[in-house]
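Student: Just need the structure, nothing else, for what follows:
(one chain, ligands or ions: 2)
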Amino acid sequence: MTTRPRHVVAALADDLAEWLPRQRWYAAKGSRPARIDVRAAAQLGAGDPALIQALVDVTAEGSGTEPYQLLIGLRSELPEHLAHAGIGRVGGDYAYEATQDPELMALLLDLMAAGRETEGISWQPEPGIRLVTGLRARPIGVEQSNTSIIFGYHYILKLFRRPTPGPNRDVELHRALFRAGSEQVAEPVAEVRWDGLVLGFAQRYLADSVEGWAAATASVRDLLAEGDLFAAEVGGDFAGEAGRLGEALATVHLDLARVLGAERMPADAVGAAVDELHARLDRALARVPELGEHEPMVRAAFDALRGLDGVDVQQVHGDLHLGQTLRTTTGWVLIDFEGEPAASPADRLRTRSPLRDVAGMLRSFDYAALHLLAGTEPDRQQLTRALEWADRNREAFCDGYAAVAGDPREQSALLRALELDKAVYEVVYEAGHRPDWLDIPLAALRRAG
Ligand SMILES: Nc1ncnc2c1ncn2[C@@H]1O[C@H](COP(=O)(O)OP(=O)(O)O)[C@@H](O)[C@H]1O
Ligand SMILES: O=P(O)(O)O[C@H]1O[C@H](CO)[C@@H](O[C@H]2O[C@H](CO)[C@@H](O)[C@H](O)[C@H]2O)[C@H](O)[C@H]1O
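Tutor: Numbering: from 1, shown residues only. Ligands and ions are numbered 1, 2, ... in the order given. Model (predicted):
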C-alpha cells in the first residue's frame, strides 16, 4: 500500500471534486470545487487498510478558497459495509471516507494516547491525562458540521472539517471552563494540531446523556398525543428540566465572566452594534424575500436599542440551542462552543451579550414545540397546546436563569431584539437547508408583529 500520501491525495482530486459537495460539512453548497491543493498530508497507518490525514485548500467555482481536513482510507478490496463511503480509485486501491472505518479510527486513539507527531501533525493528550487504549471506535452517525468518533464509552474526538487559523473557540472555552471547575462542560482530554491549526479535539464521552432536543421533543410528543391535557398535566412535562437548563446556562455565564472577563459596551458602541443587526437583516432580506413583510417590525425592535446606555458583554456560548445541550444523570452540560457556523472566525471570538444565548434557547423551545406540526395544516387545538408548551418552558427557563444570575426578562428590549435577530438567521438557515421548516421561524416573526 502507498507511502506517498501527498501524491495519493493529489491523484484523487477529480474524485474529491465530485464527492466533497455531497458532504454535510462542505460549506460552498452548490459550488463544485474547481481546484484542490494539498497543504499537508500524513500517513497515519500503513498496510491494508491504510490511513491518510490531509489538509487541502479547496477553491470552489464562484467562491473563495477554504481549507478542509480529509481522512482517507485505502484498501485493496472495499468491503460491503464501507461501500457507501467510497471516494474513488487510486493506483489499484479503493479510496474511501476513513471515519466510517472502525479499524482505522481505532488508530487515532493510539496516536493521542502516545502523544505522537507525524509529518508535523501532533496528537497530544491534555496535561495530566492518561488515555485508556484498546477501545472500539465508531463514528457518531448523526449529521454534523464536523465529524466525531466515539471510543468505547470513554472519549469523543471531534475532527474539525474546516480548521481556521487562530484560537479554536470550542477548545479554548472548554478548557477555560473546565479549569475553572465548571460542571457544565465535558472534560477536554486531547488535541490534534498542525502548524497553528486545531484539527481535532477529544473530550470525555458522556455515555449516560440524552440530547436536550431529544428530551424536549419527547415531551412535546407526549403532549400532542394527549390533546385534552395541558403541558403541566402530561407525564413528560419538561418545565423542571427547562428551569435547570436556565440555571446551568446562568452558571456558565458567571464562570466565563469570572475567568475571561466581562465589560460594559458603551452607548456609542451600542449604536454600531445596532447598525450591524440592520446589516445582517439586509443580507437576509436579499436571500429570503418572504422576510419583507416583517422588516418594519424587526427594524423597529433593533432601533429600540439605540436608547440603551450600554450593554454588558463577555464570552458566551454563541450558538446555543437544545441540540447543543446534554442532560447527564447529574445535570445539564453544554457542548460545541464554536459559535454560529455562518460567522467568520474573528466574529465568533468577539464578546457578546449573554442574552444572545438566552435568546437562542428561547427560540429553540419554539422549534421544539412546533416542529412536529411543520409542513402540515395543524388543528387549532394542537397549535394552541404546542404554543402553551413553548411559553411554559420559555418561562421556566428564564426563571431558572434568574435564580442564578439577573432575570433576562428585565432587559426586555434587548431580549426581544436578539430573539428577532435569531429568528431572521433561522429563516435564512431553513431556506437553505430545510425548506419544510421555514415556517417555524416565519411564524414566530408573525406572532411578534
Ligand atoms: N462529550 C460528549 N459526550 C457525549 N456526546 C457528545 C459529547 N460531545 C458531543 N456529543 C454528541 O456529538 C454531537 C455533535 O457534537 P458537536 O460538538 O455539536 O459537533 P458539531 O460541531 O459537528 O456540530 C452532539 O450533538 C452530541 O450528540
Ligand atoms: O448545530 P449547528 O451549530 O450546526 O447549528 C445549525 O443547525 C441547527 C439545526 O440543527 C440550527 O438550529 C435550528 O434548528 C434547531 C432544531 O433542529 C433548533 O433547536 C434551533 O433553535 C434552531 O436555531 C442552527 O440555527 C444552525 O446554526
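Student: Residues of this structure that sit close to ligand 2?
Tutor: Of all the residues in the chain, those in contact range of ligand 2 (Cβ under 6 Å from any ligand atom) are 145, 213, 319, 321-323, 340-341, 363-364, 367, 426, 429. In short, each C-beta sits where N, CA and C put it, glycine included.
Student: let's see 5 Å
Tutor: Counting by Cβ under 5 Å from any ligand atom, the residues of the chain close to ligand 2 are Ser145, Asp319, His321, Leu322, Pro341, Arg363, Ser364, Tyr367, Glu426, Tyr429.
Student: which of those residues are close to ligand 1?
Tutor: Checking the residues of the chain next to ligand 2 against ligand 1 by Cβ under 5 Å from any ligand atom, the ones in range are Ser145.
Student: Produce a PyMOL select command limited to the buried residues of the residues of the chain next to ligand 2.
Tutor: A single PyMOL command suffices to select whichever of those are buried according to 16 or more other Cβ atoms under 10 Å:
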select buried, resi 319+321+322+363+364+367+426+429
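Student: For Ile129, state which of the residues of the chain next to ligand 2 is nearest.
Tutor: For Ile129, the nearest member of the residues of the chain next to ligand 2 is Ser145. The distance, counting by Cβ to Cβ, is 25.5 Å.
Student: What number of residues are in the vicinity of Leu414?
Tutor: 22 (other Cβ atoms under 10 Å).
Student: Equivalent analysis for the one 10 residues further on, please.
Tutor: Other residues near Val424 come to 23 when the count uses other Cβ under 10 Å.
Student: my read is it is in a helix, agree?
Tutor: Yes - judged by DSSP: H, G, I helix; E, B strand; the rest coil, Val424 forms part of a helix.
Student: what helix or strand is the closest residue to it other than its chain neighbours on?
Tutor: With Cβ to Cβ, 6 or more residues apart in numbering as the criterion, Val424 has its nearest non-adjacent residue at 4.9 Å, and that residue is Ala284. Secondary-structure element containing Ala284, defined by DSSP states H and E: helix 267-287.
Student: Same check on Ala368?
Tutor: Counting by DSSP H and E, the element that carries Ala368 is helix 355-370.
Student: Just list what the very next helix or strand once past that helix packs against, helices and strands only.
Tutor: Reading on from helix 355-370 to the C-terminus, the next helix or strand found by DSSP H and E is helix 380-404. Here helix 380-404 touches helix 212-225, helix 239-260, helix 355-370, going by 3 or more Cβ pairs under 8 Å, 6 or more residues apart in numbering; DSSP states H and E.
Student: what's in contact with helix 380-404?
Tutor: Residues outside helix 380-404 that contact it (Cβ atoms under 8 Å, 6 or more residues apart in numbering): 216, 219-220, 223-224, 227, 230-232, 238-240, 242-251, 254, 358, 361-362, 365-366, 368-370, 372-373, 378, 407-409.
Student: buried ones in that helix?
Tutor: Judged by neighbour count (16+ other Cβ under 10 Å), helix 380-404 contains these buried residues: 382, 385-386, 389-390, 392-402.
Student: Next: stretch 347-365.
Tutor: Going by neighbour count (16+ other Cβ under 10 Å), the buried part of stretch 347-365 is 348, 351-365.
Student: of all these, which two lie farthest apart?
Tutor: Across those, the longest distance by Cβ to Cβ is 25.4 Å; it joins Thr351 and Phe365.
Student: I'd like to know how many residues surround the residue nearest to Val424.
Tutor: For Ala284, which is what you asked about, the neighbour count (other Cβ under 10 Å) is 21.
Student: now swap in the one 4 residues further on and tell me
Tutor: Using other Cβ under 10 Å, Val288 has 19 other residues around it.
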